[in-house]
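sequence plus the predicted model coming up.
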Amino acid sequence: MLYYLLYEKLYDPETIASIFRVFKYITLRTAGATLTALFISFLITPWIINRFKSRKMSQVLRVDHHKINGTKSVTPTMGGISILIALTLSAALWSRWDARFTLLMVLVTIGFGWLGFLDDYLKLIKKKPEGLVARYKFIGQVLIAGGIATYLYYFPSHAIYGHAISIPFTSGEPLGLGWFYIPFVMLVIVGTSNAVNLTDGMDGLAIGAVILATIGLILTAYLVGHYKFAEYLKIIYIQSSGEITVYLGAMLGASIGFLWYNAHPAQIFMGDTGALSLGGILGTAAVLMKSELLLLIIGGLFAIEALSVMIQVASFKFTGHRVFAMAPIHHHFELKGWSESKVVVRFWIIAGIFLLIGLSTFKLR
């Protein structure tokens, strides 16, 4: 909105209105989106906490979680609403709405946010601990991701490498996938959404990891959207991907603002409303930038959390024994005697290491 009002409508190089030229720049609008979302998050999250407390919209725990998280049953959840409100309002102000990448990110935010909201609603209002039936949730995720994948198959983000993926640490030709591109994109988006959701089990753990991954993708979006940087680093140049930087900046600010209230001891949890949508946004952003495998590195913590669940389920199914004391793996360490704060901070450090490794791939080609 500000881009159209202040740059396209009012900018005049011959008058004092020439100062509005700054609204053309991605860096300024990204910083503005981040700070605006942060301010909105600080403003509305306390109000949401109080409203949810008054309506007794508190965390619903499974029976097997009570032994380690019993005291959290009185903590309000569905706090992802505050993240999505701050994100969308800030993006509305600072993004260019004629950019199709922005519109795709909005669609994913709405779609996955609605699925998460429905799941939280059934848990909190209808008092169904399991929430939305797992297969219905999965079907919804697949349909949303399938729509994005099909669109990008016929209207790719790159004219030459539209159905290809970049291989980190290499400067060779991207790997073409052909028709397999559609299921691959669906796997990235749905997988990332669920991986973030699985990571959301301790105060500040998931949102802290999301912040680090978002920082990595913001830098990636800026580089792949800048022709000279892309050429120098030998990465695929994606025209107009700079707008992803602005949208992710809004997400970063909203996430940092939420972490203020979600840090231990958490005053509110983000629930599936936040976790599913934030994961979906990360996955979609990576797909649009041809950085799907890079996301696997930058978001390595999410991959570990998801992998721990798959290992646990497979081991118990085929051998009758559990590999971990409890899955996802952050609960394993908690049951082994680590304090929650220790687990969270150490996992943040691991997420930071993955972020640095991921960013190093730009130069190690």
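Cool, got the structure.

once you drop chain neighbours, what's closest to residue 82?
By the measure of C-beta to C-beta, 6 or more residues apart in numbering, the closest residue to residue 82 outside its immediate chain neighbours is residue 45, 4.4 Å from it. C-beta coordinates here come from the backbone N, C-alpha and C atoms, glycine included.

rounded mean pLDDT for stretch 99-108, please.
Stretch 99-108 shows a mean pLDDT of 95.

ok, stretch 356-365 next?
Within the predicted structure, the mean pLDDT of stretch 356-365 is 89.

who's in contact with it?
Identification of contacts with stretch 356-365 by C-beta atoms under 8 Å, 6 or more residues apart in numbering yields 168-171, 216, 219, 223, 233-235, 294, 297-298, 300.

can you do 7 Å?
Contact with stretch 356-365 is made by 168-171, 216, 219, 223, 233-235, 294, 297-298, as judged by C-beta atoms under 7 Å, 6 or more residues apart in numbering.

how close does residue 298 sit to residue 56?
For residue 298, the distance to residue 56 under the criterion C-beta to C-beta, to the nearest Å works out to 38 Å.

the two: which is more packed in?
With neighbours defined as other C-beta atoms under 10 Å, residue 298 and residue 56 compare such that residue 298 has more, 30 against 9.

quick check: residue 351 touching residue 207?
No - with contact defined as C-beta atoms under 7 Å, residue 351 and residue 207 do not form a contacting pair (11.2 Å).

neighbour count for those two, which is higher?
Higher neighbour count among residue 351 and residue 207: residue 207, with 30 against 24, using other C-beta under 10 Å.

ok, so what distance separates that one from residue 41?
11 Å.

quick test: name the residue nearest the centre of the chain.
Nearest to the mean C-alpha position of the chain, by C-alpha atoms, centre = their mean, lies residue 278 at 3.2 Å.

tell me what the helix or strand harbouring that residue is packed against?
Using DSSP states H and E, residue 278 maps to helix 271-288. Helix 271-288 is packed against helix 80-94, helix 100-124, helix 181-199, helix 205-224, helix 242-262, helix 292-298, with contacts defined by 3 or more C-beta pairs under 7 Å, 6 or more residues apart in numbering; DSSP states H and E.

could these go into JSON lines alongside distance to residue 153?
Supplementary listing: these in JSON lines, determined by distance: least, C-beta to C-beta, whole Å:
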{"stretch": "helix 80-94", "distance to residue 153": "26"}
{"stretch": "helix 100-124", "distance to residue 153": "13"}
{"stretch": "helix 181-199", "distance to residue 153": "5"}
{"stretch": "helix 205-224", "distance to residue 153": "20"}
{"stretch": "helix 242-262", "distance to residue 153": "19"}
{"stretch": "helix 292-298", "distance to residue 153": "14"}
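
out of the ones you listed, deepest packed?
Per-residue neighbour counts averaged over each of the helices and strands packed on helix 271-288 give the maximum for helix 242-262, namely a mean of 27 (mean count of other C-beta atoms under 10 Å).

what mean pLDDT does it have?
Rounded to a whole number, the mean pLDDT of helix 242-262 is 97.

what inclination does that helix have with respect to helix 271-288?
Counting by axes from the mean of the first three to the mean of the last three C-alpha atoms, to 10 degrees, helix 242-262 points 150 degrees away from the direction of helix 271-288.

isn't the residue nearest to residue 82 up against residue 83?
No - shown here, residue 45 and residue 83 do not form a contact pair, counting by C-beta under 7 Å, at 8.7 Å.

all set, thanks.
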